[in-house]
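Asker: Give me coordinates for this.
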Amino acid sequence: MLQPPRKFRMITPLLTVSGPLSPENVDFLKQTGCRKILSIGGGFVHPDVVPHVKKNQMEVAYYPFPDCSDLKATQESLERVYNQLTHLLKSGSRVHVAGDISLTDVACLVGAFRKSQGWALGNLLAEAIDISDSVEVSDLISAIHNFDVVPKSSPFKLGD
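Answerer: Residues are numbered from 1 along each chain as shown. The predicted model follows:
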């Protein structure tokens, strides 16, 4: 039986996000067409998940992501993950991002993408807060608000 990961959400047709993965989630992700998993922050792929990823011929890359209270480190990590993800999506890859239990790391990344799409700040923050279960809200808002994205580089611009 296919089982989506906790807090699974489609951000774009090529990008999905969730909390940490379990072995049962890998088959679900493969069924959606995903072949690449970016694990960020506390969302590292558990050893029990690795055999399922290999069996399904999927790729996993891990990117550390600090606690959002360290704004400088958060901005650096957010930029690194955003750039790698943008590169993968521009090449046509279907990508899944797995974050930690609170999904604060994923919420920051989704906020950055929505910012690149030209979403109003209030709307993108509302989505990010919803994704993160309202954890570390003030740090989350600061991280997203201070993220500097060049809209021309986004593969998600509306109307393209």
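Asker: What ranges does this structure have for its strands?
Answerer: Secondary structure of the chain by DSSP state E: the strands cover 9-12, 15-18, 36-40, 59-63, 95-98.
Asker: So in this protein, which helix runs the longest?
Answerer: When the chain is parsed with DSSP state H, its longest helix is helix 71-90.
Asker: returning to what we had before: could the strands of the chain go into CSV alongside mean neighbour count, mean pLDDT and distance to residue 123?
Answerer: To be clear about C-beta, it is placed using only N, CA and C from the backbone, and glycine gets the same treatment. Shown next, in CSV, are the strands of the chain (neighbours: other C-beta atoms under 10 Å; pLDDT from 0 to 100; distance: least, C-beta to C-beta, whole Å):
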stretch, mean neighbour count, mean pLDDT, distance to residue 123
strand 9-12, 15, 95, 14
strand 15-18, 24, 96, 17
strand 36-40, 23, 94, 23
strand 59-63, 16, 92, 26
strand 95-98, 26, 96, 20
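Asker: Make a markdown table out of those and add distance to residue 141.
Answerer: Shown next, in a markdown table, are the strands of the chain (distance: least, C-beta to C-beta, whole Å):
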| stretch | distance to residue 141 |
| --- | --- |
| strand 9-12 | 19 |
| strand 15-18 | 19 |
| strand 36-40 | 19 |
| strand 59-63 | 22 |
| strand 95-98 | 20 |
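Asker: now for the ones you listed, which one comes closest to residue 3?
Answerer: Closest approach to residue 3 among the strands of the chain is made by strand 15-18 (11.1 Å; C-beta to C-beta).
Asker: Please identify the buried residues of the longest helix of the chain?
Answerer: The neighbour-count check on helix 71-90 (16 or more other C-beta atoms under 10 Å) flags 74, 75, 77, 78, 81, 82, 85, 86, 88, 89 as buried.
Asker: just stretch 49-58 next, same as before
Answerer: In terms of neighbour count (16+ other C-beta under 10 Å), stretch 49-58 has its buried residues at 49, 52, 53, 58.
Asker: Closest to residue 22 out of the residues you listed?
Answerer: For these, the nearest to residue 22 is residue 49 (6.6 Å; C-beta to C-beta).
Asker: give me every residue that touches the closest one.
Answerer: By C-beta atoms under 8 Å, 6 or more residues apart in numbering, the contact set of residue 49 is 21, 22, 23, 25, 26.
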